[in-house]
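*Asks:* below is the sequence, then the predicted model.
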Number of protein chains: 2
Amino acid sequence: MTHVAPDPDRAAGSLYRKVAADLREAITSGSFGDAGRLPAEGALAEQYGVSRGTVRQALAMLRADGLVTSRRGTRRVVLGSARVQSFSELLSFTHWARSMGEEPGGRLESLIRRPADAAEREQLRLEPGTDVYVTLRLRTLSGTPVMVERTVYPPRVGELVAELPPDVVSHTEPLREHGILFTDADHTIDVVAANADDARLLGCRRGSPLLREKRRTTDPTGTPVEWSQDRYLPGTVAFSIHNSLASSALSRHARDSD
Amino acid sequence: MTHVAPDPDRAAGSLYRKVAADLREAITSGSFGDAGRLPAEGALAEQYGVSRGTVRQALAMLRADGLVTSRRGTRRVVLGSARVQSFSELLSFTHWARSMGEEPGGRLESLIRRPADAAEREQLRLEPGTDVYVTLRLRTLSGTPVMVERTVYPPRVGELVAELPPDVVSHTEPLREHGILFTDADHTIDVVAANADDARLLGCRRGSPLLREKRRTTDPTGTPVEWSQDRYLPGTVAFSIHNSLASSALSRHARDSD
DNA sequence: TGAGCCAAGTTGGCCAGCCAACTTGGCTGC
DNA sequence: GCAGCCAAGTTGGCTGGCCAACTTGGCTCA
């Protein structure tokens, strides 16, 4: 399955996204040279037939993605070519795998319903006594295991997940059909030792290091919809971030608890 | 040393940064409740005596930091309290440590000058035959080793680094005095096994897992000023990121090379 | 030749206004 | 009581304009 991804920017209706998508493509294809300069904002505005404000909105996206610099007094400079963008590739293992041309797989190991503990109530903002749904899934790329995923869902979401067939590849896609939207996420990345389950599922030794990503996802209203902990075999994945003085989105912090 | 950090937002002269800083403080102090709603943009504009556009610019910062949601038709909702922001805390081990109230330390293990290899020329965009300066430093928090830092500098920067006393704590601060600015960085995070040097310096066993951050930093003109590889002892640090459909800044990618 | 000034070009920032898309709560009518 | 409509409120998006801060390259003048 080739899965040609439609450009999410161009799909959206707003002008500045179209301009941004077009510029991103031009940059990636090398139209401005490697460390070349972009046309002036005014020139781009005239070229696209939009106002300078709209061009600036588009350029702000590219700056946040690390594609161009920007400083007062001189034209913007191309920093580098496009890396994988698209928010969904970060949230969904399935989307990510497909965007690389790999075949994602998933096997549900267990799904239980039980009362939420204190940490889970805190993360998912639930009242005491509320139940949560807990899943354990093994994720594969082209058949080889790469990741163990432990996810805690609030009832509203968990009920839908429990209805899904155990061999369904993507969870986020059917959930979106039911009106569960994933729009914001907080990620924490560190190293952890494999426990007995991890070792059995991933085929590594107990205690061997895994790259861990903890993730709390919320919907547009700010309601938590998922609290997940993914453990990757080393060498299968890395996380990459761009940040700049103009707009940062990453922070390094001390590890204080689990 | 207590090192009371001045608020970088408020220090900057622009109105929207002041508004953002004020709102950030109000959110963190709980003025709007936990999952409370913010005042409307128009109300904030009137309150601060600025235009709605300026308020929107401020709110865009908070949205990018994951402090508030935003969707059309309804007021913004508070997502969570402020985590450590400030771009410099990410770039500079020293700033980061001080912001946590820890005492950062550093010991230069080696500094050599030699011709750049192919990978280094590529990363630092240097001509063949150019020399680079390579440093190996052990970083400590309150005396205990936490990280080994290997940095490759282009000549312009390396010459300045070579002049610094070997026990200087911060590199970025004196470099800034000489007009070397760090404004953009690409980070890649994964797991790696400790080599002999790592083990000796950090006091761990050879082959034991370390959290690795590779970082390429550029100045405002887009010129690379640093290519660094930091290796942290597990349990001393974690990386956290927020992203959203509105503005993402992180991408997960397959590991293909070193 | 070289240092310094200067003007043109460019981005950062701010304002005022307008309309569209969407959410929410209340009201109407069955 | 309940479903559906509707209007008010709110954010998203876009325009046009203005000035300030800064960079750059060329020109002037010693």
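*Replies:* Great, that's in hand. Numbering: from 1, shown residues only, chains lettered A, B, ... in the order given.
*Asks:* how near is residue A:59 to residue A:40?
*Replies:* Distance, residue A:59 to residue A:40, by C-beta to C-beta, to the nearest Å: 11 Å. Every C-beta, even on glycine, is put in place using the N, C-alpha and C of the backbone.
*Asks:* no wait, residue A:239
*Replies:* 35 Å.
*Asks:* on that earlier part again, of residue A:59 and residue A:40, give the one with the bigger neighbour count.
*Replies:* residue A:59 (21 against 13; other C-beta atoms under 10 Å in any protein chain shown).
*Asks:* and the more buried one, what does it touch?
*Replies:* Residues in contact with residue A:59 (C-beta atoms under 8 Å, 6 or more residues apart in numbering or on different chains) are A:20, A:23, A:38, A:41, A:68, A:70, A:76.
*Asks:* over to residue A:182?
*Replies:* Residue A:182 makes contact with A:91-92, A:172, A:175-176, A:217, A:219, A:225-226, according to C-beta under 8 Å, 6+ apart.
*Asks:* could you provide the residues you listed in TSV, with additional columns for pLDDT and distance to residue B:234?
*Replies:* Shown next, in TSV, are the contacts of residue A:182 (pLDDT from 0 to 100; distance: C-beta to C-beta, whole Å):
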residue	pLDDT	distance to residue B:234
A:91	79	26
A:92	83	27
A:172	85	30
A:175	88	33
A:176	84	36
A:217	94	25
A:219	92	33
A:225	94	30
A:226	95	26
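*Asks:* nearest to residue A:119, of the contacts of residue A:59?
*Replies:* Using C-beta to C-beta, residue A:20 comes nearest to residue A:119 of the contacts of residue A:59, at 39.3 Å.
*Asks:* can you tell me the helix or strand for the closest one?
*Replies:* If you go by DSSP states H and E, residue A:20 is part of helix A:15-28.
*Asks:* how about that helix: buried residues?
*Replies:* A:15-24, A:27 (16 or more other C-beta atoms under 10 Å in any protein chain shown).
*Asks:* same deal with stretch A:68-78?
*Replies:* Within stretch A:68-78, the residues scored as buried using 16+ other C-beta under 10 Å are A:68-71, A:75-78.
*Asks:* with stretch A:169-177 instead?
*Replies:* For stretch A:169-177, a neighbour-count test (16+ other C-beta under 10 Å) marks A:169-172, A:174-175 as buried.
*Asks:* returning to that earlier point: can I get the buried residues of helix A:15-28 in a markdown table with distance to DNA strand C and pLDDT?
*Replies:* Below are those laid out as a markdown table (distance: C-beta to the nearest atom of the strand, whole Å; pLDDT from 0 to 100):
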| residue | distance to DNA strand C | pLDDT |
| --- | --- | --- |
| A:15 | 12 | 95 |
| A:16 | 14 | 95 |
| A:17 | 14 | 95 |
| A:18 | 15 | 96 |
| A:19 | 14 | 97 |
| A:20 | 14 | 95 |
| A:21 | 19 | 94 |
| A:22 | 16 | 96 |
| A:23 | 12 | 96 |
| A:24 | 16 | 93 |
| A:27 | 14 | 93 |
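*Asks:* pull the most distant pair out of these.
*Replies:* Using C-beta to C-beta, the pair of the buried residues of helix A:15-28 lying farthest apart is A:15 and A:27, separated by 18.5 Å.
*Asks:* just checking, what packs against the helix or strand residue A:173 falls within?
*Replies:* Taking DSSP H and E as the definition, one finds residue A:173 inside helix A:172-177. With contacts taken as 3 or more C-beta pairs under 8 Å, 6 or more residues apart in numbering or on different chains; DSSP states H and E, helix A:172-177 sits against helix A:93-99, helix A:155-163.
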